[in-house]
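Enquirer: only geometry, no sequence info:
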């Protein structure tokens with residue numbers, strides 16, 4: 001295999017990660033504005049329902065105009081990750097909406113970067129994803145910036161309640177990102193539909209059980225659904241495309257761009273006061289982001305034999321199998337990989353789930 005093929009991170013994947021961050025970045029400040037008319041639990045439900053309904057429509061249009069199925073569908077083997085993803089997605093937005101109602105939109109936007117830390121740590125310790133020295137530096141810096149931003153008064157060491165809710169949401173999303181990572185080689189539109197409808201329905205049940213029911217302006221309901229499709233549905237779709245190439249930790253690092261977009265919008269909408277804590281946290285966050293996005297992983301590694309199904313082509317250097325007529329360009333089917341040993345720069349995608357410790361990773365635990 002030519003090293004030039006896999007010697008660099010996939011540029012398209014990085015572009016998808018940045019686009020996902022940009023789309024998600026608008027969610028916090030706009031949600032803050034809509035919270036004046038829509039309660040937190042209902043807001044969480046509508047955002048995900050908007051994502052699911054919107055992507056369901058996109059999926060329908062895709063089937064009408066493009067009958068060929070190029071993505072691998074989810075199977076029974078993915079059910080544990082699907083259920084985990086939905087359960088965590090129900091809890092996280094509810095926590096975030098409560099946090100937004102108790103803190104400034106700017107603080108909430110930057111605190112969302114703590115999601116990178118939890119995602120990376122969970123990816124490392126639970127899913128054995130390789131995290132290099134530069135990524136560790138980034139994690140420490142992002143943690144420090146989140147801590148600085150969470151303190152109401154620099155002279156005290158007490159967290160605001162709103163900040164704690166936002167951080168709890170980030171922990172849930174950290175686990176959820178890794179569940180999603182295990183599904184990323186499957187059809188991203190199908191995953192968004194499951195996430196949106198499942199998580200939205202769960203949050204809606206919570207709203208009916210705990211919320212104060214009254215009539216709400218349908219205009220704000222519709223706007224929230226549209227926001228959910230754009231900031232959640234499309235963002236998740238591009239996030240999944242990036243994850244299948246970059247892995248959970250590295251894709252999440254690009255989400256550092258999202259809060260800054262959110263901060264810019266929050267300044268325009270709310271004129272939130274800029275504090276010294278905010279400026280210090282911003283500087284630390286930018287430095288951490290630099291280390292995260294410039295991390296490079298290269299070493300001799302072994303690909304063990306594996307069989308799986310996902311969308312692929314025969315020009316990436318890893319898919320050298322042969323088959324009959326009818327398969328051209330990108331396509332999806334069950335295929336096998338033979339053992340191979342080589343050296344090149346790579347990210348922890350579906351073909352680079354090898355061990356970096358003394359104990360080898362069992363294939364049964366890495367199957368996706």
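Expert: Thanks, I have it. This one's a predicted model, so the numbers in the text were calculated from it and none came from an experiment. Residues are numbered from 1 along each chain as shown.
Enquirer: And the helix or strand hosting residue 282, what does it pack against?
Expert: Following DSSP states H and E, one finds residue 282 within helix 276-293. Applying 3 or more C-beta pairs under 8 Å, 6 or more residues apart in numbering; DSSP states H and E, we find helix 276-293 packed against helix 105-111, helix 133-150, helix 248-253, helix 257-270. Heads up, the C-betas are built off the backbone N, CA and C, glycines and all.
Enquirer: Just the buried positions in that helix, please.
Expert: 277-278, 281-282, 284-285, 287-289, 291-293 (16 or more other C-beta atoms under 10 Å).
Enquirer: cool, and stretch 160-171?
Expert: By neighbour count on 16+ other C-beta under 10 Å, the buried set for stretch 160-171 is 160, 162-171.
Enquirer: same check, this time on stretch 112-126
Expert: Neighbour-count burial for stretch 112-126 flags 112-124 (criterion: 16+ other C-beta under 10 Å).
Enquirer: Narrow those residues to those in helices?
Expert: 114-124 (DSSP state H).
Enquirer: which of these lies closest to residue 234?
Expert: For those, the closest approach to residue 234 (C-beta to C-beta) belongs to residue 115, at 18.2 Å.
Enquirer: how would you label the closest residue to the closest one other than its chain neighbours: helix, strand or coil?
Expert: Of all residues not flanking residue 115 in the chain, residue 170 sits nearest, at 4.1 Å (C-beta to C-beta, 6 or more residues apart in numbering). When classified by DSSP: H, G, I helix; E, B strand; the rest coil, residue 170 comes out as helix.
Enquirer: I figured residue 280 was touching residue 146, is that so?
Expert: No: taking contacts as C-beta atoms under 8 Å, residue 280 lies outside contact range of residue 146: 11.9 Å.
Enquirer: Let me know whether the residue nearest to residue 115 touches residue 121 as I believe.
Expert: No: using C-beta under 8 Å, residue 170 is not in contact with residue 121, being 11.4 Å away.
Enquirer: which of the helices and strands packed on helix 276-293 is buried the deepest?
Expert: Comparing the helices and strands packed on helix 276-293 by mean neighbour count (mean count of other C-beta atoms under 10 Å), helix 248-253 ranks first with a mean of 29.
Enquirer: Distance from it to the middle of the chain?
Expert: Relative to its parent chain, helix 248-253 has a centroid offset of 8 Å by C-alpha atoms, centre = their mean, to the nearest Å.
Enquirer: hmm, who's touching that helix?
Expert: Applying C-beta atoms under 8 Å, 6 or more residues apart in numbering, the contact partners of helix 248-253 are 9, 13, 17, 115-116, 119-120, 122-124, 127, 129, 131, 135, 138, 174, 177-178, 180-181, 239, 242-243, 289, 292-293, 295, 347-348.
Enquirer: likewise stretch 40-50?
Expert: With C-beta under 8 Å, 6+ apart, stretch 40-50 has contacts from 27, 31, 34-35, 38, 89-90, 93-94, 96-98, 100-101, 195-197, 199-204, 206-207, 210-211, 216, 221, 224-229, 231-233.
Enquirer: What are the buried residues along it?
Expert: Residues of stretch 40-50 classed as buried by neighbour count (16+ other C-beta under 10 Å): 40-50.
Enquirer: closest to residue 188 among those residues?
Expert: Of the buried residues of stretch 40-50, the one sitting nearest to residue 188 (C-beta to C-beta) turns out to be residue 48, at 15.8 Å.
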